[in-house]
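>>> Next comes the sequence, and after it the predicted model I'd like to discuss.
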Amino acid sequence: MLSPALTGNIASGKSTVARHFERWGAVVIDMDRLVREAQVPGSAVLRAIGKRFGEGVLGRDGALDRGSLRAIVMADPAALSDLNRIVHPAVYQRRNLLLEEARARGERIVVTDIPLLFEAADPSAFDVVVLVEAPEAVRRARLMQDRGLGAVEADRMIAAQLPSEHKRARSDYIIENSGDLAALERAAAEVWRALLARA
């Protein structure tokens with residue numbers, strides 16, 4: 001079973017590539033979804049977050065106020081490290097379980113969709129790394145247009161991740177996404193064929 005990591009900076013188009021890979025036959029483990037599942041009301045992870053960051057990061061319904069928490073950790077690298085130490089063990093435990101279940105089913109390719117691979121994980125834990133790449137100006141425009149962010153918040157989110165040039169040299173495949181959706185699909189299909197050959 002081949003275990004690729006799929007990564008890319010925010011607004012690079014990584015999620016679109018993940019959907020293509022899934023449509024073509026991959027099992028996709030979405031790390032962002034696992035994070036959300038680990039942070040549900042009543043969970044040990046959410047209790048630890050509330051204890052570390054205060055009740056201000058929780059809504060009236062007891063759910064995580066992601067905007068409030070994001071504002072804290074974006075402004076304080078130590079707070080971000082604390083958050084990662086709280087969340088990551090539970091998330092990786094769940095990911096490893098899903099990986100083993102897929103292996104037992106005889107799945108051929110299990111892609112882990114992991115935005116912060118280089119910032120907060122170990123790339124060597126994967127068989128190959130696929131990077132989805134788009135120019136910073138394009139990603140900034142997408143954040144403002146598609147997600148409704150202001151310029152300052154968009155720049156802050158981009159700055160919170162390692163620049164792409166640090167990731168390119170450590171990636172096995174690079175999918176360029178500076179064109180339209182059809183071009184992205186063609187580029188993703190080329191990498192998918194390479195993954196099938198390796199599997």
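Great, that's in hand. Numbering: from 1, shown residues only.
>>> Report the central residue of this protein.
By C-alpha atoms, centre = their mean, the chain has its centre lying nearest to P115, at 2.4 Å.
>>> which SS class is it?
With DSSP: H, G, I helix; E, B strand; the rest coil as the basis, P115 sits in coil.
>>> For it, give me its contacts.
T7, G8, N9, I10, K14, M31, D32, Q161 (C-beta atoms under 8 Å, 6 or more residues apart in numbering). From N, CA and C alone the C-beta is placed, and that goes for glycine too.
>>> Swap in 7 Å and give it another go.
T7, K14, D32 (C-beta atoms under 7 Å, 6 or more residues apart in numbering).
>>> Show me the longest helix that occurs in the chain.
Longest helix of the chain, by residue count under DSSP state H: helix 77-105.
>>> Just to check, T7 is in contact with A121?
No: contact criterion C-beta atoms under 7 Å: T7 and A121 do not qualify, at 8.8 Å.
>>> Of the contacts of P115, which is the nearest to R156?
Taking C-beta to C-beta as the measure, R156 sits nearest to D32 out of these, at 18.5 Å.
>>> you'd agree the closest one is in a strand?
No: read with three-state DSSP, D32 is helix and lies in no strand.
>>> From G56, how far off is it?
23 Å (C-beta to C-beta, to the nearest Å).
>>> Please enumerate the shared neighbours of T7 and A121.
I114.
>>> Okay, and V28 sits in which element?
strand 27-30 (DSSP states H and E).
>>> what pLDDT, on average, does that strand get?
Averaging pLDDT along strand 27-30 gives 97.
>>> Comparing T7 and A121, which residue is more hemmed in?
T7 (28 against 21; other C-beta atoms under 10 Å).
>>> Next, the buried residues of stretch 175-193.
In terms of neighbour count (16 or more other C-beta atoms under 10 Å), stretch 175-193 has its buried residues at I175, N177, L184, E185, A187, A188, V191, W192.
>>> now, which of those lie within strands?
I175 (DSSP state E).
>>> Pull up the per-residue confidence for the residue lying farthest from the centre of the chain.
Computed with C-alpha atoms, centre = their mean, the residue of the chain farthest from its C-alpha average is R60, at 27.7 Å. R60 carries a pLDDT value of 86.
>>> Check A75 too.
Model confidence at A75 (pLDDT) stands at 81.
>>> roughly how far apart are it and L69?
11 Å.
>>> which of these two has more neighbours?
L69 (18 against 11).
>>> So the more buried one sits against F53, correct?
Yes: the pair L69 / F53 is scored as a contact, 6.3 Å apart, by C-beta under 7 Å.
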